[in-house]
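Q: Sequence unavailable; structure follows:
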């Protein structure tokens, strides 16, 4: 299994909305690096759900429900995946907390702040889970 992080502004599409909808199409991504990551996602991969711009914290875990397919919002070569909520974190993990932890200096969230879909290394995942009070 691989681990990922996706970003969404809560005013655009919040974790709470994902939970209410039970599933969503993660479309509209128009960044080449993010497209590579979307294409690499496999069904069952776990995805950190990060509220960007407002809140700036990791709030939940989603799972990839459908692997990359043609983004329905365009005819160009962009892709989408389907995500479904898995669990809300016991304790949100703020960007400041992530940036202040020396073990996470190589994490894409720290290094590539604007990238909306990014990989998360297994060791980073475990640290985030620890910070969130998860096992």
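A: Structure received. None of the values given here were measured: they were computed from a predicted structure. Numbers count the residues shown, from 1 in each chain.
Q: Can you measure across stretch 127-135, start residue to end residue?
A: With Cα to Cα, to the nearest Å as the measure, stretch 127-135 spans 10 Å from end to end.
Q: what distance separates it from the centre of its chain?
A: 16 Å (Cα atoms, centre = their mean, to the nearest Å).
Q: and that stretch, what's its mean pLDDT?
A: Across stretch 127-135, the average pLDDT comes to 96.
Q: Please point out which parts of it sit buried.
A: Neighbour counts using 16 or more other Cβ atoms under 10 Å place 127, 128, 129, 131, 132 of stretch 127-135 among the buried residues. Quick note: C-beta positions are derived from backbone N, CA and C, even for glycine.
Q: In helices, which of the residues you listed appear?
A: Under the assignment DSSP state H, the buried residues of stretch 127-135 contribute 127, 128, 129, 131 to helices.
Q: so can I have CSV of those showing distance to residue 35?
A: Below are those laid out as CSV (distance: Cβ to Cβ, whole Å):
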residue, distance to residue 35
127, 27
128, 24
129, 27
131, 29
